[in-house]
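Participant: how does the following fold in three dimensions:
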Amino acid sequence: MFPNEERIIQQCELYKTSEDRSLHGIYLKDILVGIIGLIHNPDEIEIKHIAIETEYIHRGIGEELVRAISKLYPDLELIA
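Facilitator: Just a heads-up that it's a prediction; the model follows:
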């Protein structure tokens, strides 16, 4: 998502209010370093957003988020 404040606020509201969306985070030493936003469909999970703090990029955190989601929903196809 491009850093447009209005769009970010709109998407955050959707994660708060939509039953078919969820937002998950990953922490390192009590610091939130990455998030992944999902849309839950009957047969699949769609990765809608994924973001990693700049100083933690290229450390495998995005891959770890995707692996964690795959383990959390093993019977559903994961799409992006």
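
Participant: rest of the way, CA atoms for contacts and neighbours
Facilitator: Noted.

Participant: by mean pLDDT, flag the weakest helix or strand of the chain.
Facilitator: When the helices and strands of the chain are scored by mean pLDDT, DSSP states H and E, helix 5-17 comes last with a mean of 91.

Participant: roughly how far out does the helix or strand just after it sit from the chain middle?
Facilitator: Next along the chain after helix 5-17, taking DSSP states H and E as the criterion, comes strand 21-28. Remark: strand 21-28 is offset 6 Å from the chain centroid, using Cα atoms, centre = their mean, to the nearest Å.

Participant: list the buried residues in the very next helix or strand once past strand 21-28.
Facilitator: Once the chain leaves strand 21-28, the next helix or strand it forms, by DSSP H and E, is strand 31-40. Residues of strand 31-40 classed as buried by neighbour count (16 or more other Cα atoms under 10 Å): 33-40.

Participant: next: stretch 62-77.
Facilitator: Those would be 62, 65, 69, 76, for stretch 62-77 by 16+ other Cα under 10 Å.

Participant: got the CA positions of it in CSV?
Facilitator: What follows is stretch 62-77, C-alpha atoms only, in CSV (Å, rounded to 0.1, in the frame of the first residue of the first chain):
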residue,chain,number,x,y,z
GLY,A,62,8.5,-11.6,5.4
GLU,A,63,9.2,-15.3,4.7
GLU,A,64,8.6,-16.1,8.4
LEU,A,65,5.2,-14.3,8.3
VAL,A,66,4.1,-16.3,5.2
ARG,A,67,5.3,-19.6,6.8
ALA,A,68,3.4,-18.8,10.0
ILE,A,69,0.2,-18.1,8.1
SER,A,70,0.6,-21.3,6.1
LYS,A,71,0.9,-23.2,9.4
LEU,A,72,-2.1,-21.4,10.9
TYR,A,73,-4.3,-22.3,7.9
PRO,A,74,-2.9,-25.5,6.6
ASP,A,75,-6.1,-26.6,4.8
LEU,A,76,-6.5,-23.4,2.8
GLU,A,77,-4.6,-22.2,-0.3
